[in-house]
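1. Dropping the sequence and predicted coords here.
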Amino acid sequence: MLLIKKFFRQKSNYFLIILISICFAFSLTISSISNSIHAYWENTILNEIIFRTYELRDLPNVDEAKKILDNISEVEGYFPSSDYTVNTWVKGINSDKDLPVMSLYGIVGSQKVVVGEEITNDNKDENVLICPNKYLPYYSTELRDYDESKEIDLTRFLNKTISLVSHEESDNKQKTAHFKIIGLYEADNEYADPRACYTYYTNIEELRNLFETSKYEITSSSDHDLLFQIKNIVDEEKVLKELENNGLYATKIAGINTQIALKSLYSLISVKKVITISLILILIFITLYKEKINRSNLSINKLIGYDNKNIIKQTIFNNALLLFCSFIILIPLTHIYLQVFQYYLPLYDNNFKDVTFALAFSNLINIFFIIMFIMIILIVISFLSNHKSNILEDISS
Amino acid sequence: MKNVVLKLHNIKKIYKVKDENILALDNINIDFELGKFYLIIGHSGSGKSTLLHLLGLIDNADSGEIIFNDNNISNLNSKELAKLRNEKIGYIFQEFYLDKYLKAYENIMVPMLINKNFSNKKEIFKRSLLLLDKVGLEKRKNHFPKQLSGGEQQRVCIARALANYPDIILADEPTGNLDINNEKYIFNLLKELASENKCVIMVSHSSDAKNYADVILEMDNGRLKRI
Ligand SMILES: Nc1ncnc2c1ncn2[C@@H]1O[C@H](COP(=O)(O)OP(=O)(O)OP(=O)(O)O)[C@@H](O)[C@H]1O
Ligand SMILES: [Mg+2]
């Protein structure tokens, strides 16, 4: 109890508590913000189909790869990389007579939508299409020549439902499916095929069943490639690892460099690192300085009969009290910081706009361990500087 | 030969400074008895403080034996030495080494807090008030060292030195920084302690000190002789 009283009579301890809690609250705030943003991204942007689609190229044995993928529960599905297509006729786009052939691809996200919506987790199971803004139909499945004069502006079909029809000799064998065009991509893009629309691959599967087209009709070199999707982006590492263990190396078909996209977050994180490291250094220096000042006091205690064990206990107690008090203050302080950042950050960077910053338990645990770690360092420092001390020298100094 | 609490046998202490050897204590042989007030006088640099350091178990002799209550202290480890210092020895210096963050009575409590002979805080608290009473500072118990005069601080130091019922009180120029009235008070206090069957050993340059002591020893170039 005397130690507690003594602790709170020393002004320097208040200063230290405030310094530590302010710095660590900042650090904790940044970690929480970072956590919130990453969680938000993982749940929304990064978890969209396109970002959880991977490619396996040049497979020596596609069937075996399929078996491996079948056994990974986190994998949602797989399909051949480039040939997972179906050709259909379209009703109602041009005139009643013309039924231009449309190729439907199962690769979501190969083209960037400029008008309308992307195919997302929410709408992938509906019959939705992404199409070129200027559509160039070809009139025969064999003759793939462009006829620019026949270009059709699809802008007016945005959000409209079109009918896809199987190509049959006799009309009564024709099958029809309805798809809604939800987004348009720029047809003039270098890699754009202005005759291709995109939908989620399961829709192609269904369409093929409906049209009674055999599943993998084209055999070519691309036979050796597979695309697959995982159910949740958080399992990315696990799935890739498991594939690697089986000798398969998958690559992402699209990704976002979060380091660039969340530039302001990462600069905050580096500020946090600098602050944390300088705080640790400051604490070490203050501890060394305090030990030096405290020397004569300490040797009085030794003279009175305190042995090294008693003195170490005191040191541990003091440091523990210091960090405990800081930790207690740090939590409400972090909440205040979070409110401030919640208000100001979105003004600077749109990425923060829809994210709610919250203090995560895991961050709290992290900070707790960092604090424990610092405590151990401080205790070791005081131990080392006490251990060598000699009562006589210290008492006369 | 009864009542001997501390026995020095052929004690030598040499300080090595660079190539020079300083013989601070030269073949000291003496018995200290309980119930006596010893005064050690001598020139500056003659080795008085060095002797007190050895008696206080905070420094080691280079040769010879120190027998404390029939135990050779060279056989003790640092923990046992600390225990002896805590329970058997009270040390008073010229400077008043008090913990500036502790009140007068709390400073006195410190040595008792690690003494296993005290069972509870209340007992320790009561004893610290009793000791303050003994040194005439009962009204100043809640004062911090900086709120006390030099003489008062030294009295707190004495009270603290007495906390664990020590057998030996070592005082190295306890009145060096005090005026004549405070000096008298402290000398009387130490004399009283000797009469309470403690062994009081004091180093002092004061000419008045002789009037209080039972035994006067003179230190001369590391040698000790009775006067
Ligand atoms: N730590 C040390 N290192 C080297 N020499 C020392 C040390 N301490 C004391 N000495 C020397 O030992 C001798 C005795 O010193 P000591 O302090 O015992 O003298 P003293 O009798 O107490 O003197 P004073 O009356 O001035 O306090 C002196 O010559 C001193 O210089
Ligand atoms: Mg001296």
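-> Sure thing, it's come through. Ligands and ions are numbered 1, 2, ... in the order given.
2. For chain A, just list every one of the helices.
-> Secondary structure of chain A, counting by DSSP state H: helices at A:2-9, A:11-43, A:62-70, A:201-211, A:236-245, A:258-261, A:263-304, A:308-348, A:361-387, A:391-396.
3. could you pull out the strands for chain B?
-> B:4-17, B:20-33, B:37-42, B:63-68, B:71-72, B:89-92, B:168-172, B:199-203, B:215-220, B:223-226 (DSSP state E).
4. any chance of those strands in CSV, with mean neighbour count and mean pLDDT too?
-> Any C-beta I mention is one placed from the backbone N, CA and C, and that applies to glycine too. Shown next, in CSV, are the strands of chain B (neighbours: other C-beta atoms under 10 Å in any protein chain shown; pLDDT from 0 to 100):
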stretch, mean neighbour count, mean pLDDT
strand B:4-17, 16, 92
strand B:20-33, 16, 92
strand B:37-42, 22, 96
strand B:63-68, 16, 93
strand B:71-72, 12, 90
strand B:89-92, 26, 93
strand B:168-172, 24, 94
strand B:199-203, 26, 96
strand B:215-220, 17, 94
strand B:223-226, 14, 90
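5. would you list those strands in TSV and tack on distance to A:Gly106?
-> Below are the strands of chain B laid out as TSV (distance: least, C-beta to C-beta, whole Å):
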stretch	distance to A:Gly106
strand B:4-17	89
strand B:20-33	94
strand B:37-42	102
strand B:63-68	93
strand B:71-72	92
strand B:89-92	89
strand B:168-172	94
strand B:199-203	99
strand B:215-220	103
strand B:223-226	104
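6. longest helix anywhere in chain B?
-> Max-length helix for chain B by DSSP H is helix B:180-195.
7. neighbours around A:Ile277, how many?
-> 10 (other C-beta atoms under 10 Å in any protein chain shown).
8. Distance-wise, check it relative to ligand 1.
-> 40 Å (C-beta to the nearest ligand atom, to the nearest Å).
9. Write out the residues of chain B neighbouring ligand 1.
-> B:15, B:17, B:22, B:24, B:42, B:44-50 (C-beta under 6 Å from any ligand atom).
10. do you know which of the helices of chain A lies nearest B:Asp214?
-> Closest to B:Asp214 of those, according to C-beta to C-beta: helix A:263-304, at 25.7 Å.
11. Quick one: low-confidence residue ranges for chain B.
-> B:1-2 (pLDDT under 70).
12. mind listing what residue 51 touches?
-> Here I'm looking at chain A. A:45, A:109, A:233, A:252, A:254-256 (C-beta atoms under 8 Å, 6 or more residues apart in numbering or on different chains).
13. switch to chain B, that's the one I care about
-> B:25, B:28, B:40, B:219, B:224.
14. now for these, which pair is the farthest apart?
-> B:Leu25 and B:Ile40 (12.0 Å).
15. what's the burial count for A:Gly247?
-> Using other C-beta under 10 Å: A:Gly247 sits among 10 other residues.
16. swap in A:Ile18?
-> Neighbour tally, A:Ile18, other C-beta under 10 Å: 14.
17. near chain B, which residues of the stretch 251-397 of chain A show up?
-> A:296-297, A:300-310, A:391-392, A:395 (C-beta under 8 Å from any C-beta of the partner chain).
18. ok, so of those residues, who is nearest chain B?
-> For those, the closest approach to chain B (C-beta to the nearest C-beta) belongs to A:Gly305, at 2.2 Å.
19. What are the phi and psi values at the closest one?
-> phi 120, psi 10 (degrees, to the nearest 10).
20. who are the neighbours in contact with it?
-> B:82-87, B:111, B:114-115, B:164.
21. mind redoing it with 7 Å?
-> B:82-83, B:85-87, B:111, B:114 (C-beta atoms under 7 Å, 6 or more residues apart in numbering or on different chains).
22. Check the residues you listed one by one and keep those near chain A.
-> Among the contacts of A:Gly305, the residues lying close to chain A (C-beta under 7 Å from any C-beta of the partner chain) are B:82-83, B:85-87, B:111, B:114.
23. Now a PyMOL select for only the buried ones of these.
-> For the buried members of the ones next to chain A among the contacts of A:Gly305, the matching PyMOL selection, counting by 16 or more other C-beta atoms under 10 Å in any protein chain shown, is:
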select buried, chain B and resi 82+83+85+86+87+111+114
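24. Return the residues in contact with the nearest residue in space to A:Tyr40 that is not next to it in sequence.
-> With sequence-adjacent residues excluded and distances taken as C-beta to C-beta, 6 or more residues apart in numbering or on different chains, A:Tyr40 is closest to A:Val355, at 4.5 Å. By C-beta under 7 Å, 6+ apart, the contact list for A:Val355 reads A:36-37, A:40.
25. can you redo the strands of chain B as TSV with distance to chain A?
-> TSV is the format used below for these (distance: least, C-beta to the nearest C-beta, whole Å):
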stretch	distance to chain A
strand B:4-17	11
strand B:20-33	12
strand B:37-42	18
strand B:63-68	14
strand B:71-72	16
strand B:89-92	6
strand B:168-172	10
strand B:199-203	15
strand B:215-220	18
strand B:223-226	20
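26. Mind pulling up the pLDDT for the residue in the stretch 201-350 of chain A that ligand 1 sits nearest to?
-> Nearest residue of the stretch 201-350 of chain A to ligand 1 (C-beta to the nearest ligand atom) works out as A:Ser299 at 14.1 Å. With respect to pLDDT, A:Ser299 scores 80.
27. Quick check: beta-bridge partners of the residue minimising distance to the centre of chain B?
-> By C-alpha atoms, centre = their mean, chain B has its centre lying nearest to B:Leu170, at 1.7 Å. For B:Leu170, the beta-bridge partners are B:Tyr91, B:Ile201 (DSSP bridges).
28. show me what contacts it?
-> Counted by C-beta under 7 Å, 6+ apart, B:Leu170 has contacts B:52, B:55-56, B:89, B:91-92, B:201.
29. State the pair within the residues you listed that is farthest apart.
-> Farthest-apart pair in those is B:Leu55 and B:Ile92; separation 12.6 Å (C-beta to C-beta).
30. got the buried residues for stretch A:363-378?
-> Neighbour counts over stretch A:363-378 (16+ other C-beta under 10 Å) mark A:363-364, A:367, A:370-371, A:374-375, A:378 as buried.
31. So what's the gap between that stretch and the chain middle?
-> Averaging C-alpha positions (C-alpha atoms, centre = their mean, to the nearest Å) puts stretch A:363-378 26 Å from its chain's average.
32. now do stretch A:23-35
-> 18 Å.
33. Identify all contacting residues around that stretch.
-> When contacts are defined by C-beta under 7 Å, 6+ apart, stretch A:23-35 is touched by residues A:265, A:268-269, A:272, A:275-276, A:279, A:326, A:330, A:333-334, A:337-338, A:341, A:357-360, A:363, A:366-367.
34. what about the stretch 151-300 of chain A, any weak spots by pLDDT?
-> Short version for the stretch 151-300 of chain A, where the test is pLDDT under 70: A:168-172, A:213-223.
35. Around ligand 1, pick out the residues from it.
-> Residues of the stretch 151-300 of chain A lying near ligand 1 (C-beta under 6 Å from any ligand atom): none found.
36. before we move on, back to that, nearest to A:Arg52, out of the helices of chain A?
-> helix A:236-245 (7.2 Å).
37. buried set for the closest one?
-> A:236, A:239-240, A:242-243.
38. again, but for stretch B:118-137
-> Those would be B:118, B:124-125, B:127-129, B:131-132, B:134-135, B:137, for stretch B:118-137 by 16+ other C-beta under 10 Å.
39. out of the strands of chain B, which comes closest to A:Tyr54?
-> If we rank the strands of chain B by C-beta to C-beta, the stretch that ends up nearest is strand B:4-17, at 75.6 Å.
40. helices or strands up against that closest one?
-> strand B:20-33, helix B:48-55, strand B:63-68 (3 or more C-beta pairs under 7 Å, 6 or more residues apart in numbering or on different chains; DSSP states H and E).
41. what would the ones you listed look like in CSV with distance to A:Leu288?
-> Output for the helices and strands packed on strand B:4-17, formatted as CSV (distance: least, C-beta to C-beta, whole Å):
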stretch, distance to A:Leu288
strand B:20-33, 32
helix B:48-55, 28
strand B:63-68, 36
